[in-house]
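Chemist: Model the structure of this input:
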Amino acid sequence: MNPYKLKAITEFLRGELKRISTSYDDLLACYGLDKQLLPDEQEAVKRELAAIAEAETFMDQFRASVERWL
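Modeler: Just a heads-up that it's a prediction; the model follows:
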């Protein structure tokens, strides 16, 4: 998948993911990306969103632990 296309899609959906609590499949369908992207592109977007969510969860936990020590 074109890395710029992936970055543009995930940056847009990243904000939506915080606003809307839903599965990645539902999120892609909500914006019609399930019809616009090839299956391997959809999987790339879902993997990237999962990695972003994991990093954000880690950073939230890290911030909370740091705040306890300050």
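Chemist: mind listing the helices for this structure?
Modeler: Remark: helices assigned in the chain by DSSP state H are 3-19, 24-30, 33-36, 39-69.
Chemist: Comparing those helices, which comes out most buried?
Modeler: Highest mean neighbour count among the helices of the chain (mean count of other Cβ atoms under 10 Å): helix 24-30, with a mean of 15. Bear in mind the C-beta positions are built from the backbone N, C-alpha and C, glycine included.
Chemist: what sits against residue 15?
Modeler: Neighbouring residues of residue 15 by Cβ atoms under 8 Å, 6 or more residues apart in numbering: there are none.
Chemist: Quick one, grab the pLDDT at the closest residue to residue 9 other than its chain neighbours.
Modeler: Leaving aside its chain neighbours, residue 9 sits nearest to residue 45 (5.5 Å; criterion: Cβ to Cβ, 6 or more residues apart in numbering). Per-residue pLDDT puts residue 45 at 96.
Chemist: Tell me the spacing between residue 65 and residue 53.
Modeler: Distance, residue 65 to residue 53, using Cβ to Cβ, to the nearest Å: 19 Å.
Chemist: repeat for residue 46
Modeler: 10 Å.
Chemist: neighbouring contacts of stretch 51-67?
Modeler: By Cβ under 8 Å, 6+ apart, stretch 51-67 touches 10, 14, 17.
Chemist: contacting residues around residue 10?
Modeler: By Cβ under 8 Å, 6+ apart, the contact list for residue 10 reads 45, 48-49, 52.
Chemist: Give me the local confidence score for it.
Modeler: So, for residue 10, pLDDT stands at 94.
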